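> Sharing a model that was predicted from the sequence below.
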Amino acid sequence: MKRPVLVFRQYGNKGYSLFCCLGREVVCSVLSVATLTYASAESVSTDPVVTDSAAMTTAREMMLEEVSVTGSRAPLTKGQAARMVTVLDRADIAQAPVQSINDLLKYAIGVDVRQRGPIGAQTDISIRGGTSEQIILLLNGINICDPQTGHNAMDLPVDLNDIVRIEVLEGPAGRIYGTSSLVGAVNIVTSSRSEEWRVGSEITLHAEGGSYGYGNLGTRYSHSSLPTPHSSSHSFSANYSRSDGWSRSKAGRLNTDFSGSKGFYQGQYENDNVRLNWHLGITDKGWGSSTFWASPKWQADEQYEHTTKLFSALQGQTRKGPLYLNASLYWNQNRDRYEGYRGRVEMMKYNYNRTDVYGVNIGAYYDWGALSDARSGHIRNRTAFGAELRNEDLVSGNLGEPLSQTHPIKGTDRDYTLGVNRTNISGYLEHNILLDEVTVSAGLVAVKNTWSNMNMTIYPGIDVCYRPTPHLKLHASYNTSLRMPSFTEMYYKLQGYSADPHLKPEEMQALEFGTTIHYSLFTIHSALWYHHGSNMIDWIMDTSKGDNAEWQSVNHTTINSLGFEASASINVPLFTNHYSLFTVSYSYIHQDKQQEANLVSQYALEYLRHKLVAKAQLQLTKQLSLGMNLRWQDRVGAYTDFKGLTHDYEPYALIDTRLTWAQTKWKAYIEAKNLLDTSYHDYGLVEQPGRWLILGASLSL
């Protein structure tokens, strides 16, 4: 008589773990994943994956039932997925010379990271030539985009130690995430468990210091119960960072300094039937904005901004079916204070904004049992459906329409007198056909927004994947999406800026073809894509008007983009048989819309035509590793100085490196950003910092 089969879904790493499988047939599985490569799997997910960062030669441990890294609504197995997702896992985070998520995304080949300051002081993230407003940012699958502006979207409450992985889905994702996902999505996945998924409690401490008065202190506490029919886990992290900045104003005062703190709590409960997850986070940060928003008409070089953000969400899903249900409820609040002249309200009144976003999402997927292979357990048909309601409410001192009732601004004697409220309603339907060598995933999303009396509009998409051999994967897709204008794009009118409240929503159609070749020691990926964008939103300036020139928000008619990207990685034994990883990636983009004479674009027509990333992660000894990263970029576009003269962006190359000594319970490292002290402009008139040295250490208890 055959005993019940026990499948290890988590390795307890305890001496008594063997007793759990006495008298049973055991199936053990591990999944090896190459770092910073294109992973084919399921939908951009919220499920945790755990990696062993001690050495690249060790297979990564994973929660086998929960591996879900996909580009579809319904979760599929790794071999079934039809869309490609770039995955940066815990090992990438631990080895890269970065202090923020923003810095880490610089090494994803299809992502453009434009910083007005280092260490994530203020950062715009875009994908495949788009703008920072055109991507959707998710925290554990929850949409945390700020409808006021995309510039502050990366003010995240999580510490790097909280993150299990970061997933980047390139191309329109309307049928997966609805509005905002015009050219892609970035999902940050965290875990409430310890880094090694141990039962019990763990405390992690880390500290950093470096150039320009930089300092960073952080801690993380996690607790996990013994895996039983009922298990739970909790974690809390807190972080504080600051810097004097690298430049000063004409008056000699600091103007690129920053300081901020953040806290994040996450919990999970699960049994055989359901899993519940929840998180609560806060960020509070202020930074000198230098000449971020200056123009020839307004030459301010001591701007300042302060933001406070709250994040909360509750998620639940059933674990048995054939009908699997999932639901989420969330509330995010963003408070923003902008000072045109830092600390001098008499020269220009401060701009205050408060945005509250409420959302509920209910979905399900169904396995067609009648068409499944009961002997092999392979699901041949899987259908997903659901709906989302999202309300975005803004009260402001300078954005929106006059309010019927004003609201006091906390801490001041002023009131919010303007505001906007809009509700987005969407429903989706998707069907997946799963064959041994072919996966077809097709669906649509129907969207209606109360703003401007928008009619219900349908955006379809289809992904096809063909796997002729275990080592070769071919994929093709056609997807569509839309994006509603931000409140800033619609209403900002101050100091050289003039917005249009009647902007049309942006729409995108995209085609993509790609291949992936994967063996145990190397992976090669390539993709060719085409984007057709309608009503693309941009800020433009007519420099021929001289001192009267101002930035205006407009809809471009159409912008067509053609792009190619490729990456190759190889894992080879060097230095006494310790494996080292080498990666080279390149992307090219061409847009058919050229800038007209005397017109300067601030967003849509500025993009990375060329981007080259080369990485070497050398495991010198068991404890000592050296990471070196080269990034070369050539940007299309120009910026204006205070004299009204136009300057083209110049290509530049940056080298970042980190040397790490790691033991079981602690590690220490030294790193250098912009090692060659290159002078460059990445965003308008703001000159970026030179060489930046950092010393750091972390300890686990």
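Done, it's in.

> Check the offset of the helix or strand containing Arg354 from the chain's centre.
According to DSSP states H and E, Arg354 maps onto strand 351-367. Its chain's C-alpha centre and that of strand 351-367 lie 17 Å apart, by Cα atoms, centre = their mean, to the nearest Å.

> and that strand, which residues are buried?
351-357, 359, 361, 363-367 (16 or more other Cβ atoms under 10 Å). Just so you know, the C-beta spots here come from the backbone N, C-alpha and C atoms, and that holds for glycine as well.

> And stretch 290-308, by the same measure?
290-298, 300-305, 307-308.

> Quick one: mean pLDDT for it?
Mean pLDDT, computed over stretch 290-308, is 85.

> Please compute how far it lies from its chain's middle.
26 Å.

> end to end, how far does it reach?
20 Å (Cα to Cα, to the nearest Å).

> one step back: can I get the buried residues of strand 351-367 in TSV including distance to Phe642?
Formatted as TSV, these follow (distance: Cβ to Cβ, whole Å):
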residue	distance to Phe642
Asn351	22
Tyr352	28
Asn353	27
Arg354	33
Thr355	32
Asp356	38
Val357	37
Gly359	42
Asn361	47
Gly363	52
Ala364	57
Tyr365	56
Tyr366	61
Asp367	63
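
> hang on, the earlier thing: narrow the buried residues of stretch 290-308 to those in strands?
Ser290, Gln303, Tyr304, Glu305, Thr307, Thr308 (DSSP state E).

> Adding distance to Ser553, write those residues out as JSON lines.
Converted to JSON lines, those look like this (distance: Cβ to Cβ, whole Å):
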{"residue": "Ser290", "distance to Ser553": "23"}
{"residue": "Gln303", "distance to Ser553": "20"}
{"residue": "Tyr304", "distance to Ser553": "24"}
{"residue": "Glu305", "distance to Ser553": "20"}
{"residue": "Thr307", "distance to Ser553": "22"}
{"residue": "Thr308", "distance to Ser553": "26"}
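
> Determine which two of the residues you listed are furthest apart.
Ser290 and Thr308 (21.2 Å; Cβ to Cβ).

> Strands of the stretch 601-701 of the chain, residue ranges please.
Listed in chain order, the strands of the stretch 601-701 of the chain (DSSP state E, counting those that start in this stretch) span residues 607-619, 624-636, 638-640, 646-648, 652-662, 666-673, 681-683, 686-687, 692-700.

> I misspoke; the intended subject was the stretch 251-400 of the chain.
Under DSSP E, counting those that start in this stretch, the stretch 251-400 of the chain gives strands at 258-270, 274-290, 303-318, 323-339, 351-367, 381-396.

> between the ones you listed, which one is nearest to Lys667?
strand 258-270 (21.8 Å).

> Following the helix or strand of the chain with the lowest mean pLDDT in sequence, what is the next regular element?
Sorting the helices and strands of the chain by mean pLDDT, DSSP states H and E puts strand 37-40 at the bottom, at a mean of 38. For strand 37-40, the succeeding helix or strand toward the C-terminus, using DSSP H and E, is strand 84-89.

> Could you list the paired strands of that next one along with their orientation?
strand 37-40 (antiparallel), strand 163-170 (antiparallel) (DSSP bridges).

> ok, then the element right after that strand?
helix 90-95.

> quick one on the thing from earlier: tell me which strands and helices the strand holding Arg354 is in contact with?
Contacts defined by 3 or more Cβ pairs under 8 Å, 6 or more residues apart in numbering; DSSP states H and E place strand 351-367 against strand 323-339, strand 381-396, strand 415-434.

> Pull out the buried positions in the first one.
Read that as strand 323-339. Buried-residue list, strand 323-339, by 16+ other Cβ under 10 Å: 324, 326, 328-330, 332-339.

> Which elements pack onto it?
Strand 323-339 packs on strand 142-143, strand 303-318, strand 351-367, going by 3+ Cβ pairs under 8 Å, 6+ apart.

> how about 7 Å then?
strand 303-318, strand 351-367 (3 or more Cβ pairs under 7 Å, 6 or more residues apart in numbering; DSSP states H and E).

> what do you get for the shortest one?
Where contact means 3+ Cβ pairs under 7 Å, 6+ apart, strand 381-396 is packed against strand 351-367, strand 415-434.

> and those strands as a markdown table, adding mean pLDDT and distance to Thr204?
Converted to a markdown table, those look like this (pLDDT from 0 to 100; distance: least, Cβ to Cβ, whole Å):
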| stretch | mean pLDDT | distance to Thr204 |
| --- | --- | --- |
| strand 351-367 | 94 | 31 |
| strand 415-434 | 93 | 38 |
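
> so can I have JSON lines of those showing distance to His234?
JSON lines is the format used below for these (distance: least, Cβ to Cβ, whole Å):
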{"stretch": "strand 351-367", "distance to His234": "24"}
{"stretch": "strand 415-434", "distance to His234": "32"}
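
> right, so of the helices and strands packed on strand 323-339, which gets closest to Gln405?
That would be strand 351-367 among these, by Cβ to Cβ, at 14.6 Å.

> got the angle for that closest one vs strand 323-339?
Between strand 351-367 and strand 323-339, the angle comes out at 170 degrees (axes from the mean of the first three to the mean of the last three Cα atoms, to 10 degrees).
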